[in-house]
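Engineer: Just the structure for this:
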Amino acid sequence: MRILQATSEFFPYSKTGGLADMVAGLSGALAELSEDVTVATPLYRGIREQVPDLKPFGPKVILPLGKQTFTGRWWKATESNGLTLLFLEQEGFYDRPGLYMANGDGYWDNPERFMFLSKAVAQLAGEYDVVHVHDWQTAFVPMLLRASGSRVIPRTVLTIHNLAYQGQCEATRFEITNLPWNWFHSEGPEFWGSLNFLKAGLHYADAITTVSPQYAKEILTPEFGEGLEGVLQSRQDVLYGILNGVDYGEWNTVENPYLAASYNADDLSGKKVCKQFLQTKFGLAVSDVPMFGMVSRLAEQKGIDVLSEALGDILCEKEIQFVGLGSGDDQLAEQLHSLQERFPEQVGFENGYSNALAHQIEAGADYFVMPSRFEPCGLNQMYSLRYGTIPIVNGVGGLVDTVRDIGDQQATGLVLNRLSVQALAAAFKKACDIHGSAQSFEILKRGMNAEYGWGNSSNQYLKCYQ
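Structural biologist: Numbering: from 1, shown residues only. Below is the predicted model:
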């Protein structure tokens, strides 16, 4: 089977979040199953330096966007596992400081940038059996293929990584599709008078997937449906929830170049070294007090406001430490900086992102906190399980699918029934109570032995394709 993955980011060449990890993990796993897999993604700034042996692929890509015409080119590389990579060059669109935004603001021409990508992918699509598109940036591909008039078009799959991001813009931007205006209707990309990229895909893709079984159920409801629950309900016969996997080649605790020491479920002595390294790095006292960690986008979705308030309370009551890494909302970052200033001997926070520090926090902390208001899948809780760092999560989305609460005989973490400052503070206290106990060791070891690799998930996707 020939499979084309179309994505706006792909690890390790471009990344802002879990989308890049997921497409890389799934594509690699499918390649290991001897499938013929190609990944199509933009040639962002810096990628050419990462992949110096790029070779031009096919003729120039010349595409209209409304009344203007833009020219680009595909560049090809092949990974050691047989995976084919196609990078779309268009300097005006992709040679920029950020993937989607600069200085906290999204690029004004994001609709044009990703319509160009979608049209270029649609041109390639005829060579494949299945075209798998991801999130709003490539969600127009199924509609473009349907509108092409071609007698034979590939089957299409759309994965929703986060329904909150839909690629919505003013209706006049529909002209960049170069389709007749009779395609702009409520059974397609029209959404309350605006243009909605994701909605186009929801109507025209042959199958729709989300990144966890629980999230597939949640998005059918008004609470989590982001205004599209009606469309999703109408297509729930082809809606599947498939849990993301973890790349354990990248996220492991043995011979990991980012970690101060190796360890495993049978020998945790190295984890203590990793904790001491993290404490020293942040200038905290080297001690065995409970340490809570966080690596996150700083966004309302992630419950960082609730976390900051709950920490403010518990830091006054308990002898604990907290270390955090994240970037995003400046106001949320300021709340964490404020905690650092109030409790300099207990709190460490770095505003930004560092892959090395993300691994170090996962390994060094005793508990990992994810109080998300909603979480399509989440990967950090699965990293935490493998790293022997007990996750504390809100009971939503993929967090429910991967973490069992302390009340369960097969517990792997602490799960909140509802998100509130009081509920999270109570979970912190419970974590302090069991810290260093036989119970916490059992929970930790069970989590480290849990298996969330790509094997099962890639087979589920293959069944969906078939």
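
Engineer: The stretch 151-300 of the chain: strands as residue ranges?
Structural biologist: In the stretch 151-300 of the chain, the strands defined using DSSP state E, counting those that start in this stretch lie at 155-160, 168-170, 190-191, 194-196, 207-210, 239-241, 291-298.

Engineer: what do you get for the stretch 1-150 of the chain?
Structural biologist: Along the stretch 1-150 of the chain, counting by DSSP E, counting those that start in this stretch, strands occupy 2-6, 36-42, 55-65, 68-78, 84-89, 101-102, 105-106, 130-134.

Engineer: Packed most tightly, which of these would that be?
Structural biologist: With neighbours taken as mean count of other Cβ atoms under 10 Å, the strands of the stretch 1-150 of the chain reach their highest mean count in strand 130-134, at a mean of 27. Heads up, the C-betas are built off the backbone N, CA and C, glycines and all.

Engineer: if we can go back for a sec, out of the strands of the stretch 1-150 of the chain, which gets nearest to G455?
Structural biologist: strand 36-42 (15.7 Å; Cβ to Cβ).

Engineer: correct me, but S296 touches G326?
Structural biologist: Yes: between S296 and G326 there is a contact at 4.5 Å, judged by Cβ atoms under 8 Å.

Engineer: where do the contact lists of the two overlap?
Structural biologist: I304 (Cβ atoms under 8 Å, 6 or more residues apart in numbering).

Engineer: secondary structure class for D313?
Structural biologist: helix (DSSP: H, G, I helix; E, B strand; the rest coil).

Engineer: mind listing what the spatially closest residue to V23 that is not a sequence neighbour touches?
Structural biologist: Leaving aside its chain neighbours, V23 sits nearest to T7 (4.5 Å; criterion: Cβ to Cβ, 6 or more residues apart in numbering). Going by Cβ under 8 Å, 6+ apart, T7 touches 19-20, 23, 39-41, 133-135, 137-138.

Engineer: what does G25 give?
Structural biologist: Contacts of G25 by Cβ under 8 Å, 6+ apart are 244-247, 454.

Engineer: Now with 10 Å, please.
Structural biologist: Listed by Cβ atoms under 10 Å, 6 or more residues apart in numbering, the contact set of G25 reads 11, 18, 244-250, 379, 453-454, 457-458.

Engineer: so what pLDDT did the residue nearest to V23 get?
Structural biologist: Listed pLDDT for T7 reads 98.

Engineer: same check, this time on T156
Structural biologist: 98.

Engineer: Also G328?
Structural biologist: Confidence score, pLDDT, at G328: 87.

Engineer: State the distance from it to F57.
Structural biologist: 35 Å (Cβ to Cβ, to the nearest Å).

Engineer: that older thread, can you redo the strands of the stretch 1-150 of the chain as a markdown table with distance to Y165?
Structural biologist: As requested, the strands of the stretch 1-150 of the chain are exported to a markdown table (distance: least, Cβ to Cβ, whole Å):
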| stretch | distance to Y165 |
| --- | --- |
| strand 2-6 | 16 |
| strand 36-42 | 17 |
| strand 55-65 | 21 |
| strand 68-78 | 24 |
| strand 84-89 | 21 |
| strand 101-102 | 12 |
| strand 105-106 | 10 |
| strand 130-134 | 11 |
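
Engineer: Any idea which of those gets closest to K302?
Structural biologist: When the strands of the stretch 1-150 of the chain are compared by Cβ to Cβ, strand 101-102 sits nearest K302, at 17.6 Å.

Engineer: in its sheet, what does that closest one sit against?
Structural biologist: strand 105-106 (antiparallel) (DSSP bridges).

Engineer: Which residues does the partner strand contact?
Structural biologist: Residues contacting strand 105-106 (Cβ under 10 Å, 6+ apart): 98, 100.

Engineer: repeat that with 7 Å
Structural biologist: Residues outside strand 105-106 that contact it (Cβ atoms under 7 Å, 6 or more residues apart in numbering) are Y100.

Engineer: Tell me which entries of the contacts of G25 lie within helices.
Structural biologist: 18, 454, 457-458 (DSSP state H).

Engineer: picking that back up, just give me the least confident of the contacts of G25.
Structural biologist: Within the contacts of G25, lowest confidence goes to G18 (85).

Engineer: quick one: contacts for that one?
Structural biologist: G18 sits in contact with 161, 377, 379, where contact means Cβ under 7 Å, 6+ apart.

Engineer: go again using 8 Å as the cut-off
Structural biologist: Going by Cβ under 8 Å, 6+ apart, G18 touches 161, 211, 244, 377-379.

Engineer: V415 too?
Structural biologist: Contacts of V415 (Cβ under 8 Å, 6+ apart): 393-395, 399-400, 403-406.

Engineer: can I assume it sits in a strand?
Structural biologist: Yes: counting by three-state DSSP, V415 is located in a strand.
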